[in-house]
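K.L.:
Sequence first, predicted coordinates after that:
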Amino acid sequence: MLALVLLLPALSPGWGFFAHRTIGQVAIYALPSAMQGFYFRHLSEIVRLITAPDERREADPAEAPKHYIDMDHYGDNPFGDMPKAWDKASAKYSTDTLRKYGTVPWTVMEVKDQLTEAFKQRDTTAIIRLSADLGHYVSDAFVPLHTTENYDGQLTNQAGLHSLWESKLPERHIAEYKLDSDPGHYLKDPQGAIWQVVQESYGFLGATFDLEEKVTRDFTPETKYTYSHKFGKTRRSYSDAFADAYHKEVGGQVAYRLKGAPTMVASMWMTAWKDAGSPDLDALLPKKQTKAEKAELAAQIKTWNKNELVPQEKLLALQKEKAIERPDEIKSAEEAPATPATYEAATPAAAPAAPATPSATPEKIKVKTKGGEAPKQKQKIKPQKKVDDGWN
């Protein structure tokens, strides 16, 4: 008997690791000189740790909602109706509701405050860890699909759109993007700043969905998707040809959000540092910056300003990560798992449970942005609620 085969889209929990690491590196170049020496000394560590929030999602059920906020759940005027302060929002909608539909703007503020305290305490380990976490959550707010219940196009027959937009496009086209982001600056109202980021992301949803439909007209199902088979599962993802065609339509949007994220990350780091009294970060280094370090930092900043990180091979996200050496583990033959006669379908371990699938093919949701104080969305059908707090 043939094993059961499931058709699963390839999902991604946030900006792909590649994009997150790119944002983390560029954010360091966007810092003021008083912070750059400290952060440059820890550049590789921050680039590595900036993906930690995604890596701990499987082990921590409370982690997933920190990466998104489903603004379309809150009606036709969500940004007008939603209080920006956590206490007022939870009083209006309940804490459980906020956590169910995502908390990314409030998570950013919480981690920013923790980073401020770490600066006050001169806690180097906490500063690096929290800077990476803060960089991750701020970056996630720049992704349009982090602001909707239709987070993967699963409600409009566009499953896999999430990974396509935030992972495949930048990975394939990073050499075409301008990474010379604007310098960071002190945020007088960091809460207002991160909400503005979320609102701008929400405004891009219409184009994100509609342009996928436009490109689809030139493809057949056989050319639109690619399939991989492993252990009884069939995974479906957008083909390279479709990704490149979609990039011609929406790539400017992806590049724009990717370029803006490092500036906001650097601004949040700088704001936390200034709110802590602008401590001398060079004093936290066990050894003073050497002439070689200063020269390398200056060279990298010059390369960044000229938008040549990719051609000069200075982008860490493009460099092969060294494998962590582990001691050999030797087991007896009796301890080895038996090879199954048939493979059962399984859900990818990295992805939380997906929303319940409707019994019939859902009508497509047309997402249109209107002018005014905040973008609004017009929907033909009401999206289904997630079955749990998870999100991809």
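P.N.:
Good, I have the coordinates. Residues are numbered from 1 along each chain as shown.
K.L.:
contacts, neighbours, all on C-alpha from now
P.N.:
OK.
K.L.:
How many residues are close by residue 292?
P.N.:
As a burial measure, residue 292 scores 9 neighbours (other C-alpha atoms under 10 Å).
K.L.:
Do a quick rundown of the helices in the stretch 1-150 of the chain.
P.N.:
In the stretch 1-150 of the chain, the helices defined using DSSP state H, counting those that start in this stretch lie at 17-29, 33-41, 43-49, 52-55, 78-81, 86-93, 95-100, 104-121, 124-140.
K.L.:
Just want the angle from the longest helix along the chain to helix 33-41.
P.N.:
If you go by DSSP state H, the chain has its longest helix at helix 240-275. If you take axes from the mean of the first three to the mean of the last three C-alpha atoms, to 10 degrees, helix 240-275 sits at 130 degrees to helix 33-41.
K.L.:
average pLDDT across helix 240-275?
P.N.:
Mean per-residue pLDDT for helix 240-275: 98.
K.L.:
Can you list the buried residues in it?
P.N.:
Within helix 240-275, the residues scored as buried using 16 or more other C-alpha atoms under 10 Å are 240, 242-247, 249-251, 253-255, 257-275.
K.L.:
can you confirm residue 152 is in a helix?
P.N.:
No - under DSSP: H, G, I helix; E, B strand; the rest coil, residue 152 falls outside any helix and is assigned coil.
K.L.:
Am I right that residue 237 is in contact with residue 165?
P.N.:
No - with contact defined as C-alpha atoms under 8 Å, residue 237 and residue 165 do not form a contacting pair (11.8 Å).
K.L.:
which of those two has more neighbours?
P.N.:
residue 165 (25 against 21).
K.L.:
check contacts around that one.
P.N.:
Neighbouring residues of residue 165 by C-alpha atoms under 8 Å, 6 or more residues apart in numbering: residue 254.
K.L.:
Could you confirm it falls within a helix?
P.N.:
Yes - assessed with three-state DSSP, residue 165 lies in a helix.
K.L.:
Use 140 as the first number from now on
P.N.:
All right, first residue 140 from here; so that's residue 304.
K.L.:
so residue 320, which of the three states?
P.N.:
Under three-state DSSP, residue 320 comes out as coil.
K.L.:
Could you count how many residues lie near it?
P.N.:
22.
K.L.:
picking up where we left off before, next secondary structure element downstream of the longest helix of the chain?
P.N.:
helix 430-444 (DSSP states H and E).
K.L.:
mind listing what's buried in that following helix?
P.N.:
Under 16+ other C-alpha under 10 Å, the buried positions of helix 430-444 are 436, 439, 440, 442, 443, 444.
K.L.:
got it, and stretch 216-231?
P.N.:
Within stretch 216-231, the residues that count as buried by 16+ other C-alpha under 10 Å are 217, 218, 221, 223, 225, 228, 229.
K.L.:
Correct me if wrong: the second one contacts residue 337.
P.N.:
Think residue 218. No - the pair residue 218 / residue 337 is not scored as a contact, 9.4 Å apart, by C-alpha under 8 Å.
K.L.:
Residue 395 and residue 226: what is the separation?
P.N.:
Separation of residue 395 from residue 226 (C-alpha to C-alpha, to the nearest Å) stands at 33 Å.
K.L.:
And for residue 197, the neighbour number?
P.N.:
When neighbours are counted by other C-alpha under 10 Å, residue 197 comes out with 16.
K.L.:
Tell me, what's the model's pLDDT at it?
P.N.:
You'll see residue 197 listed with a pLDDT of 87.
K.L.:
Please apply the same query to residue 498.
P.N.:
Model confidence at residue 498, given as pLDDT, is 40.
K.L.:
what angle do the helix or strand containing residue 331 and helix 379-414 make?
P.N.:
Residue 331 belongs to helix 329-342 when elements are defined using DSSP H and E. Per the same axes, to 10 degrees, the angle that helix 329-342 makes with helix 379-414 is 170 degrees.
K.L.:
okay, the angle between helix 329-342 and helix 243-260?
P.N.:
With the same axes, to 10 degrees as the basis, helix 329-342 and helix 243-260 are set at 150 degrees to each other.
K.L.:
Show me what the helix or strand just after helix 329-342 is packed against.
P.N.:
Next along the chain after helix 329-342, taking DSSP H and E as the criterion, comes helix 344-355. Secondary-structure packing of helix 344-355 (3 or more C-alpha pairs under 8 Å, 6 or more residues apart in numbering; DSSP states H and E): helix 379-414.
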